[in-house]
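Visitor: From the sequence below, what's the structure:
(chains A and B)
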Amino acid sequence: MKNEDNSAMALNKKSIKEHRAIMIKSFLKNKLAVAGLIIVVVMVLAAVLAPVITKYDPYEMDIQNRLAAPGNGHLFGTDTFGRDVFSRVVYGLRISLYVGFAIAIIAMVFGLIIGLLSAYFPKADVVLMRICEAMMSIPATLMAIAMMAALGAKTENVIISLSIIYMPTIAKIARASALSVKEMSYIEAIKAQGASWMRIIFRHIAPNVMSPVIVQTTFIFASAIIVESSLSFIGVGVPQPTPSLGNILSEARSVIYNSWWMTLYPGIVMILTVLGINILGDGIRDIIDPT
Amino acid sequence: MAKFLGKRLLSALVTIFLLSIIIFTISHMSKGDPAQIILGAEATEEQLTDLRHSLGLDRPVVEQYINWIFGAVRGDLGDSYYTGEPVLAEVSSRLVPSLRLAIMAEILAVIVAIPAGVFAAKNKGRGLDYILSTTSLLGLSIPNFLMSLLLILVFGVAFKALPVSGYRTLKSGVGVFLKYSILPVLALGLGQAGILMRMTRSSMLEVMNTDYIKTAKAKGAKSTVILFKHALRNAFIPILTAIGQSFGTLFAGTAIVETIFNIPGVGQLVVTSITRRDYAMIQGVVLIISIMWIIINLALDILYGVVDPRIRLAKKAH
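Guide: Numbering: from 1, shown residues only, chains lettered A, B, ... in the order given. Next up is the predicted model:
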């Protein structure tokens, strides 16, 4: 009996491996998705290796050398305080990716829990989904502005408020697919065996709703970077002197007539990053849900 | 039909009620004391206590909420902490520039996105589809503020072709009005076009797989007739929904675009209210815009129910 169990598991593992190989293959065939992956990997590497690839301290001011055009060792020029724009962009990217990633993960975990509980307990469902709908009927950026105005401009507050704002999106998606999984006969079988609801929800339903949730999480990652930078741009996000793509561009706005480099380079990095994540998300979706 | 209408209305009212609680909670998370903000740092303790009392801030939170919401129903959203003027009056005086901007951006988005989406769907998997789809993804990967800055950099700084700040009404002439509108409308509309184009493409693809499109093709109808007459018509409901949904994002986007281009709308009001710590104003604007958004979507929802019995019946069965 035990042997049979083992061989069944081995078979299962083998088929999972094969399935994975097929998915990776079909991903690699999608040239656009691979390009997205490469962009994201390059951006993440740049952010992680920030201290290695930058020559200047992003906080070090050099007033005599303020607003210097690109060249002379400053690849992207310098800003109004004479700080190296390249260093600030790389460190800003680091903050923006970190904030976006933290938001995506927190929203995913809590959204998943809310969605699963809603799908499993019809009584909780009525209340939870109503609240989710109400939250989603406030435009995201506007709600973020209101929350940040109340909480104060701080990196942690950006993470907290945007995580809360994106939770309902994940919850709704997780709930929708959990509702169909819940009706399947294997769940009935597990229930009949007397498994606890915790076990059923998190061990047996959760893994089967992950695909749409992961796809949505990548889009939230991209969207969170956009909203965070918008908040930082109007001064209620990541506060100066900590660099973030949004507050670098906010500074750039006041000198846009003379110092184009302060807008153009951070702008290109920002666009490439978000575009890369979106393309990657599209690619992942095409594999998981090829319609 | 009456039952369908009643249900939709009731659910919108419940949403508005919950939303008001959420907005009230958010603005009460702030640690700032409104009385202190209104009176400034030099106020005496006595003045502060008096003001707190007259604003009702010394009451229990639940009572404060009830007062606020009953006021709101009567059209009284309180007074601005900064100017002392009624919030509702201030917001409504600034609604026109914002609505004008949002509607023009939406029109631009529709004009660009629907043909692009239709042609992308028609050429699915070919070069044109890749180009259009990637361009639309690019559009929605650029935040409004960055799109504004890039447009300013190109048309304002490099070519000096268009004004980059200010607001003109039609009174100053159509030419001037358009000149001042182009950049803000592009800044807000292009990203919107990206979202709409993706939506159009996917709902067109869904429709093109149906039997009646195959029949139309088989009987030899011209492909443009099939695309625009048969397919687009049936793909239109999800597209309309996307347009309705997108108004929320659009209103939120005006906050950024109006600030950059110095347009005296509601969005700019929100952003200036942040530095003034005018929470009464922020709370009021968020409530008004959210309710407007709910009403737009409710109206669309009812409209579909009227024109398309399938929706009415499906919702009833649900």
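Visitor: quick one, what contacts residue 273?
Guide: Since no chain was named, I'll use chain A. A:Thr273 makes contact with A:39-40, A:43, A:93, A:96-97, A:225, A:245, according to Cβ atoms under 8 Å, 6 or more residues apart in numbering or on different chains. To be clear about C-beta, it is placed using only N, CA and C from the backbone, and glycine gets the same treatment.
Visitor: My question was about chain B, not that one.
Guide: If you count contacts by Cβ under 8 Å, 6+ apart, B:Ser273 has them with A:149, B:80, B:82, B:279, B:281-282, B:285.
Visitor: That one - that's part of a helix, no?
Guide: Yes - B:Ser273 sits within a helix when classified using DSSP: H, G, I helix; E, B strand; the rest coil.
Visitor: tell me the pLDDT at it?
Guide: pLDDT, B:Ser273: 89.
Visitor: any idea which helix or strand carries the most centrally placed residue in chain A?
Guide: Among the residues of chain A, the one closest to the centroid is A:Phe221, at 1.8 Å (Cα atoms, centre = their mean). Applying DSSP states H and E as the criterion places A:Phe221 in helix A:206-233.
Visitor: near chain B at all, that helix?
Guide: Yes - counting by Cβ under 8 Å from any Cβ of the partner chain, chain B is contacted by helix A:206-233 at A:222, A:226, A:229-230, A:233.
Visitor: residues from the stretch 101-250 of chain B in reach of chain A?
Guide: B:130, B:134, B:137-138, B:140-146, B:149-150, B:152-153, B:156-157, B:248-249.
Visitor: any idea which element the residue lying closest to A:Arg175 once chain neighbours are set aside lies in?
Guide: Of all residues not flanking A:Arg175 in the chain, A:Gly115 sits nearest, at 4.0 Å (Cβ to Cβ, 6 or more residues apart in numbering or on different chains). For A:Gly115, the host element (DSSP H and E) is helix A:85-120.
Visitor: And that helix, what's buried?
Guide: A:85-97, A:99-104, A:106-108, A:110-120 (16 or more other Cβ atoms under 10 Å in any protein chain shown).
Visitor: Could you check the angle whatever helix or strand comes next after that helix makes with helix A:85-120?
Guide: Later in the chain than helix A:85-120, the nearest helix or strand by DSSP H and E is helix A:122-136. With axes from the mean of the first three to the mean of the last three Cα atoms, to 10 degrees applied, the angle from helix A:122-136 to helix A:85-120 works out at 150 degrees.
Visitor: so what does the following helix or strand past helix A:122-136 touch, helix or strand wise?
Guide: Using DSSP H and E, the next helix or strand after helix A:122-136 towards the C-terminus is helix A:140-151. Contact here means 3 or more Cβ pairs under 8 Å, 6 or more residues apart in numbering or on different chains; DSSP states H and E; on that basis helix A:140-151 packs against helix A:155-182, helix A:206-233, helix B:2-27, helix B:232-261, helix B:266-275, helix B:279-307.
Visitor: Name the residues that touch helix A:140-151?
Guide: A:135, A:157-158, A:160-162, A:164-166, A:223, A:227, A:230-231, A:234, A:236-237, B:23, B:26-30, B:249, B:251-253, B:255-256, B:270-271, B:273-274, B:277, B:279, B:282-283, B:285-286, B:289-290.
Visitor: Alpha carbons of that helix, in CSV - could you do that?
Guide: Provided in CSV are the C-alpha atoms of helix A:140-151 (Å, rounded to 0.1, in the frame of the first residue of the first chain):
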residue,chain,number,x,y,z
ALA,A,140,-8.4,54.2,-6.6
THR,A,141,-6.1,57.2,-7.0
LEU,A,142,-8.7,59.5,-5.3
MET,A,143,-9.1,57.1,-2.3
ALA,A,144,-5.3,56.8,-2.1
ILE,A,145,-5.0,60.6,-2.0
ALA,A,146,-7.6,60.9,0.7
MET,A,147,-6.0,58.2,2.8
MET,A,148,-2.5,59.6,2.4
ALA,A,149,-3.7,63.1,3.2
ALA,A,150,-5.1,61.7,6.5
LEU,A,151,-2.2,59.4,7.3
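Visitor: Just give me how far that helix sits from the chain centre.
Guide: Distance of helix A:140-151 from the chain centroid (Cα atoms, centre = their mean, to the nearest Å) equals 19 Å.
Visitor: same question, stretch B:5-21
Guide: On the basis of Cα atoms, centre = their mean, stretch B:5-21 sits 19 Å off its chain's mean C-alpha point.
Visitor: List the buried residues in that stretch.
Guide: B:8, B:12, B:15-16, B:18-20.
Visitor: Now the buried members of the residues of the stretch 101-250 of chain B next to chain A.
Guide: The buried subset of those - by 16+ other Cβ under 10 Å - is B:134, B:137-138, B:140-146, B:149-150, B:152-153, B:156, B:248-249.
Visitor: Buried residues, the helix holding A:Phe221. List them.
Guide: Buried-residue list, helix A:206-233, by 16+ other Cβ under 10 Å: A:206, A:209, A:212-213, A:215-233.
Visitor: do the same with stretch A:45-55
Guide: So stretch A:45-55, judged by 16+ other Cβ under 10 Å, has buried residues A:46-47, A:50, A:54.
Visitor: Could I get the average pLDDT for it?
Guide: On average, stretch A:45-55 scores 86.
Visitor: Please state the offset of it from the chain centre?
Guide: The answer for stretch A:45-55 is 21 Å, by Cα atoms, centre = their mean.
Visitor: if we can go back for a sec, from the residues of the stretch 101-250 of chain B next to chain A, which land in strands?
Guide: With strands taken from DSSP state E, there is no overlap with those.
Visitor: re earlier: wait, the residue nearest to A:Arg175 touches A:Ala171, no?
Guide: Yes - contact status for A:Gly115 versus A:Ala171: in contact at 4.1 Å, counting by Cβ atoms under 8 Å.
Visitor: Name all residues that make contact with B:Glu90.
Guide: By Cβ under 8 Å, 6+ apart, the neighbours of B:Glu90 are B:80, B:83, B:269, B:281.
Visitor: CA atoms only for the following helix or strand past the helix holding A:Phe221 - export them in PDB, please.
Guide: Sequence-wise, the next helix or strand downstream of helix A:206-233 (DSSP H and E) is helix A:245-254. Written as PDB, here are the backbone C-alpha positions of helix A:245-254 (Å, rounded to 0.1, in the frame of the first residue of the first chain):
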ATOM      1  CA  LEU A 245      10.500  57.800  -9.400                       C
ATOM      2  CA  GLY A 246       7.500  59.900  -8.600                       C
ATOM      3  CA  ASN A 247       9.200  62.500  -6.400                       C
ATOM      4  CA  ILE A 248      12.200  62.800  -8.800                       C
ATOM      5  CA  LEU A 249       9.700  63.600 -11.600                       C
ATOM      6  CA  SER A 250       8.000  66.100  -9.200                       C
ATOM      7  CA  GLU A 251      11.200  67.900  -8.800                       C
ATOM      8  CA  ALA A 252      11.800  67.700 -12.600                       C
ATOM      9  CA  ARG A 253       8.500  69.500 -13.200                       C
ATOM     10  CA  SER A 254       9.700  72.800 -11.700                       C
END
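Visitor: still on that earlier bit, show me which of the contacts of B:Ser273 is closest to B:Met204.
Guide: Proximity of the contacts of B:Ser273 to B:Met204 (Cβ to Cβ) peaks at B:Val285, which lies at 36.5 Å.
Visitor: quick one: the residue lying closest to that closest one once chain neighbours are set aside and A:Leu93, what's the gap?
Guide: Distances taken as Cβ to Cβ, 6+ apart place B:Val270 nearest to B:Val285, at 5.1 Å, with adjacent residues excluded. In this view, B:Val270 and A:Leu93 are 28 Å apart by Cβ to Cβ, to the nearest Å.
Visitor: Near A:Gln64, how many residues? Count them for me, please.
Guide: 7 (other Cβ atoms under 10 Å in any protein chain shown).
Visitor: Just give the nearest non-adjacent residue to it, would you?
Guide: In space, A:Gln64 is closest to A:Gly82, 6.8 Å off (Cβ to Cβ, 6+ apart).
Visitor: Could you grab the helix/strand/coil label for the one you found?
Guide: Under three-state DSSP, A:Gly82 comes out as coil.
Visitor: and it, how far is that from chain B?
Guide: A:Gly82 sits 22 Å away from chain B, going by Cβ to the nearest Cβ, to the nearest Å.
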